[in-house]
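1. got a sequence here, can you build the structure:
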Amino acid sequence: MTLDDTWFTELAPEAGSAFSLKLEQKLHEETTPYQRIEIYATEAFGNLMVIDGFIMLSQRDNFLYHEMMSHPALYCHPNPRRVLIIGGGDCGTLSEVLKHPEVKSVHQIEIDERVTRLAERYFPELCQSNNDPRAKLMFIDGIQWVKDCNENSYDIIIVDSTDPIGPAEGLFSEPFYRDCQRILGEHGIIVQQSESPLYHMDILRNMYQAMRGGGFIDIATLFFPQCVYPSGWWTATLACKDQTLTTFREQEAENKTFETRYYNAAIHRAAFAAPEFFYSQIYR
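-> Below is the predicted model:
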């Protein structure tokens with residue numbers, strides 16, 4: 001919501017808090033068949049995308065989210081060749097995935113094409129890999145795509161979705177995870193944004209239960225800062241078919257051939273260290 005014309009403020013009433021950004025101007029607003037999208041120029045965070053009143057990304061700090069949604073899962077897998085991204089319409093995660101030379105194909109399934117077209121206009125730095133021959137962008141229902149896929153279709157599934165409300169609610173359900181488990185190959189991994197550990201432990205507990213119900217053997221959550229999201233502290237949760245997530249291709253991460261701004265091998269190791277309250281509510 002906007003309290004006036006000079007600030008954008010997102011309220012988190014469940015936590016009694018709010019986050020505001022000083023605005024320069026509104027660049028775009030439209031209502032698609034799926035959601036309302038707004039684009040703002042901010043004073044200190046570059047361009048800002050807002051969907052249905054919730055901040056999706058800013059130019060200043062999106063690298064934190066996009067790098068942590070992609071590189072940890074890819075380095076946890078021994079040979080990630082085939083990647084599926086569900087959501088991710090701003091294409092920042094796609095760009096990070098395509099930095100890995102071992103990746104041979106990426107299917108990105110985004111239900112709302114307008115998110116991508118607006119990202120191409122207002123966040124062009126995130127969309128520079130959209131024409132990579134390994135990438136295929138499809139604007140269809142991701143839940144249905146997963147349901148219709150053959151077994152052993154992908155090595156990694158990245159669920160880069162909005163909060164678990166409205167159209168995204170089904171992406172956090174046991175039937176969806178069961179379908180993901182089925183279409184993943186050997187050592188297959190799913191990674192999904194999983195909200196704030198300070199504000200949304202109920203969502204995380206439900207995800208762990210649903211992922212276990214979907215047949216995943218090993219589940220782990222990684223933590224990273226994200227100042228434009230509620231509480232400024234965010235998570236992604238990984239689940240694996242048949243291996244432990246505590247190991248990764250450490251030497252390759254240490255000697256990666258591409259640039260990142262946040263992710264490295266030390267961050268990878270540290271990000272999986274869970275605070276005590278998380279252990280007490282999830283693991284014990």
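
2. avg pLDDT for the one helix or strand residue 19 maps to?
-> In the assignment (DSSP states H and E), residue 19 maps to strand 17-31. Averaging pLDDT along strand 17-31 yields 97.

3. next SSE after that strand?
-> strand 36-42.

4. rewinding a little: residues of the strand holding residue 19 that come out buried?
-> 19, 21, 23 (16 or more other C-beta atoms under 10 Å). Where you see a C-beta, it was placed from the backbone N, CA and C, and this is true even at glycine.

5. once you drop chain neighbours, what's closest to the first one?
-> Spelled out, it's residue 19. residue 10 (5.3 Å; C-beta to C-beta, 6 or more residues apart in numbering).

6. quick one: the one you found is in a strand?
-> Yes: secondary structure assignment places residue 10 in a strand (DSSP: H, G, I helix; E, B strand; the rest coil).

7. for it, give me its contacts.
-> Contact partners of residue 10, counting by C-beta atoms under 8 Å, 6 or more residues apart in numbering, are 1, 18-20, 50, 53-55, 230.

8. which residues does the residue nearest to the spatial centre of the chain form beta bridges with?
-> Nearest to the mean C-alpha position of the chain, by C-alpha atoms, centre = their mean, lies residue 160 at 3.3 Å. Listed beta-bridge partners, residue 160: residue 87 (assigned using DSSP bridges).

9. pretty sure it is touching residue 69, no?
-> Yes: checked against C-beta atoms under 8 Å, the pair residue 160 and residue 69 is within contact range at 5.8 Å.

10. who touches both of these two?
-> With C-beta under 8 Å, 6+ apart, residue 160 and residue 69 have common neighbours 93, 193.

11. which parts of the stretch 1-150 of the chain are helices?
-> For the stretch 1-150 of the chain, applying DSSP state H, counting those that start in this stretch gives helices covering 62-76, 92-97, 113-122, 142-148.

12. same for the longest one, what does it pack against?
-> For helix 62-76, the helices and strands in contact under the criterion 3 or more C-beta pairs under 8 Å, 6 or more residues apart in numbering; DSSP states H and E are helix 92-97, strand 154-160, strand 184-193, strand 218-225, strand 233-240, helix 250-254, helix 265-271.
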